[in-house]
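> sequence first, then the predicted structure, then my questions.
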Amino acid sequence: LTVIEPRTIYQSGQATIAAFIVSLLGAGIFIIVFVLLFIDRIVLSRINRIINTVRTKTVTPGSSEIPEYPGNDELGMLASEIDPVFERLAESRAQLQQSEERYRTLAESARDFIYIIDTEDRVTYVNSFAAAAVGKTQEEIIGQTRSALFPEPESSRQNENIRSVFTTGQPVKIESNLPLPSGEQWNDTLLVPLRDRNSTITGVLGITRDITQRKQMEEALFQVNKKLNLLSGVTRHDILNQLTALRTYLELSLDYTTDPAMIDFIAKEKQITEIIDQQISFTRDYQKLGLNAPTWQEVNATISWIIQPLSDPSVRIAIDIPLLEVFADPMLEKVFYNLVDNAIRHGGKTLSEIRISEHEDSAGLLITVEDNGAGIADESKEQIFERGFGQNTGFGLFLSREILGITGITIRETGTCGKGARFEIRVPRGTYRYCGAGKHA
């Protein structure tokens with residue numbers, strides 16, 4: 001069979017399908033364009049307004065303009081919350097600027113060197129007073145190495161201390177002299193670490209104060225004391241020479257008399273010369289008090305050394321003190337010598353042991369020197385520390401309290417009469433330290 005007529009129905013169907021597909025694509029494109037325009041109009045434009053507001057607030061944080069955000073949906077709520085956040089941020093920035101300005105004014109008005117050194121040993125800040133003192137401007141120093149502010153040899157001397165602050169994170173306080181265009185100056189310098197929010201040390205803050213006048217006064221006082229001590233030593237030497245001559249004549253006087261009354265007078269005169277000799281010896285010891293600066297002294301070694309001449313076979317001396325150091329006058333050894341010597345002299349027949357020990361409590365360190373001798377009467381517990389009181393020289397415990405008092409250490413007697421003496425030496429915190437592991441002051 002042969003079909004000679006065109007298939008119009010089939011062709012018409014294909015055309016219809018093609019038209020439908022084209023229409024469907026057109027409708028899809030229209031919908032997409034509409035949605036994009038809708039999003040841009042309803043969502044993106046509002047987001048852009050929020051972004052522009054953020055930019056405005058960032059550039060001009062103090063701006064009081066509060067734009068309106070139409071809509072009660074999530075974007076509207078977000079937009080309404082942004083402005084108060086930036087208001088608080090602007091207020092914080094203003095407070096920060098005020099704080100920075102306040103501290104900058106404080107640093108610039110100070111009559112001390114104030115500066116900051118970074119990890120590269122460069123000056124990141126220096127106040128105008130310090131810059132003027134070294135004959136430069138702040139611009140000539142900031143950004144330069146530390147030697148631009150502190151010339152040699154001070155720069156090299158400071159290097160070890162600054163490295164120590166970076167390494168240990170602990171402040172360092174030093175005294176040194178600094179050559180300046182106006183002349184040499186003595187300084188008291190405090191170096192403090194500066195940390196960021198992660199506690200990483202980013203620099204060192206230095207505060208250097210002029211103490212030249214104080215040093216000059218100290219030197220003048222030292223020279224005056226030196227001359228007074230020289231005069232005291234010469235005078236004491238001359239008195240002791242005369243005292244020796246007086247003793248000689250008193251001894252010779254006994255050969256020229258048999259009168260009991262005269263012999264008694266001469267004996268009393270000899271006793272007086274002994275008292276004078278003891279008083280002269282006290283002035284020698286008291287002259288040394290405070291002559292040298294206090295130092296850290298190892299207590300156990302000090303006691304062990306000083307009691308060697310006082311050893312008595314009938315008396316046991318027990319020292320129960322660990323590796324402990326006390327910050328005290330160099331005459332600290334005289335304190336323990338007097339306490340042990342007094343115990344042996346006045347402990348009586350019952351004395352068989354002297355014990356020296358320590359323990360730490362909330363108030364600091366307590367060193368005790370106690371014995372099992374006769375003890376001290378209640379009414380004499382405070383009098384024994386007065387000058388001239390006692391059966392021997394009367395100066396030992398008085399001098400001991402004076403020696404300890406130089407660094408704030410106190411001493412008192414708390415024993416029981418008839419059961420033994422007990423001396424308590426109270427050492428405040430900061431003036432003692434343990435050298436062994438596991439303990440610290």
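Everything's here; your move.

> low-confidence ranges, the protein, go.
Applying pLDDT under 70 to the chain flags the ranges 1-11, 37-87, 90, 289-290, 390-394, 436-441.

> this structure: helices as residue ranges?
Using DSSP state H, the helices of the chain run over 8-39, 45-59, 74-109, 128-133, 138-141, 154-168, 212-254, 260-288, 299-306, 332-346, 396-405.

> reformat those helices as CSV; add distance to S314 and mean neighbour count.
(Glycine included, C-beta is placed from N, CA and C.) Shown next, in CSV, are those (distance: least, CB to CB, whole Å; neighbours: other CB atoms under 10 Å):
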stretch, distance to S314, mean neighbour count
helix 8-39, 107, 10
helix 45-59, 90, 13
helix 74-109, 69, 12
helix 128-133, 68, 18
helix 138-141, 73, 14
helix 154-168, 52, 15
helix 212-254, 33, 12
helix 260-288, 26, 13
helix 299-306, 19, 18
helix 332-346, 9, 21
helix 396-405, 22, 20
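
> CSV please, covering those helices and showing distance to E175.
Listed next are the helices of the chain as CSV, based on distance: least, CB to CB, whole Å:
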stretch, distance to E175
helix 8-39, 73
helix 45-59, 49
helix 74-109, 22
helix 128-133, 17
helix 138-141, 23
helix 154-168, 11
helix 212-254, 8
helix 260-288, 25
helix 299-306, 28
helix 332-346, 24
helix 396-405, 25
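
> and these: which comes nearest I319?
helix 299-306 (5.6 Å; CB to CB).

> next, the residue nearest the centre of the chain: phi, psi?
Nearest residue to the geometric centre of the chain (CA atoms, centre = their mean): P171, 7.1 Å. With angles defined as degrees, to the nearest 10, P171 sits at phi -60, psi 150.

> and it, how far from R146?
As for P171, its distance to R146 is 18 Å (criterion: CB to CB, to the nearest Å).

> please apply the same query to N342.
57 Å.

> how about the residue nearest to the centre of the chain: what's its closest non-neighbour residue?
Distances taken as CB to CB, 6 or more residues apart in numbering place V192 nearest to P171, at 4.8 Å, with adjacent residues excluded.

> cool, E154 as well?
L178 (5.1 Å).

> across the sheet, point out what pairs with the one you found.
Q185 (DSSP bridges).

> for it, what are its contacts?
Taking CB atoms under 8 Å, 6 or more residues apart in numbering, we find L178 in contact with 150, 154, 184-187, 208.

> domains of this structure?
8-93, 110-210, 216-288, 295-434 (automatic domain parsing).

> quote the end-to-end distance of the third one.
The first and final residues of domain 216-288 sit 22 Å from each other (CA to CA, to the nearest Å).
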